[in-house]
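Need a 3D model of the following:
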Amino acid sequence: MSEDNNVENVGNNLTELQKQLVEAMYKNVLNITKSCGNCGIDRTTFYRWQYENPAFKTAIDAVRKQLFQAAESPLFDKLFGAEREETKVETFNGQIKETTRTYFVEPDSNVLLRVLKKNRPELLLDDDAEVKSDVTNINISFESSSDENNSDE
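From the prediction side, this is the model:
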């Protein structure tokens, strides 16, 4: 059975209010307080439904996964660079004109540094780390006072 069929089957095991809450969680990017407020329920109800109803928990997990996947693509573009295509449709004097342009998203070394600081802080020994990047290479260098210590020996 495919994952899409599992999600559809989950929806059959939810009340209408639970379905509304799942939609609100998507629209509000997993903000529980705002989503519950939009549906007129208390946050404790959300947590109780997650605990008591496996179908509801599965639906919320599917929303979470979908939102995270949507967020990962631009992040990877910023980390490694990517070629993108953009299509623009315009109407001019009753004529429809479609224009496509291709562009390259340059890697952003500051994003790489923030990701490393958050997920692998042991790689960054101090705040003087400087990241230099170009299209093909990403290099991390550290300014260190150990050179000064070596010159005293």
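
any idea whether Phe56 is helix, strand or coil?
Here Phe56 takes the helix state, with states given by DSSP: H, G, I helix; E, B strand; the rest coil.

residue contacts, the nearest residue to it once chain neighbours are set aside?
Counting by Cβ to Cβ, 6 or more residues apart in numbering, Trp49 is the residue found nearest to Phe56 once chain neighbours are left out, at 4.6 Å. C-betas here are computed from N, CA, C, even on glycine. The neighbours of Trp49, taking Cβ atoms under 8 Å, 6 or more residues apart in numbering as the test, are 18, 21, 56-57.

For the protein, which segments count as strands?
Secondary structure of the chain (DSSP state E): strands at 82-92, 95-105, 129-133, 138-142.

Break the chain down into its structural domains.
The record assigns the chain these domain ranges, following automatic domain parsing: 3-77, 109-152.

so what pLDDT did Asn139 get?
pLDDT recorded at Asn139 is 52.

same question but for Glu83, I mixed them up
Looking at Glu83, its pLDDT reads 83.

That one contacts Phe104, correct?
Yes - shown here, Glu83 and Phe104 form a contact pair, counting by Cβ atoms under 8 Å, at 5.4 Å.

Find the nearest non-adjacent residue to Glu90, please.
Lys97 (5.1 Å).
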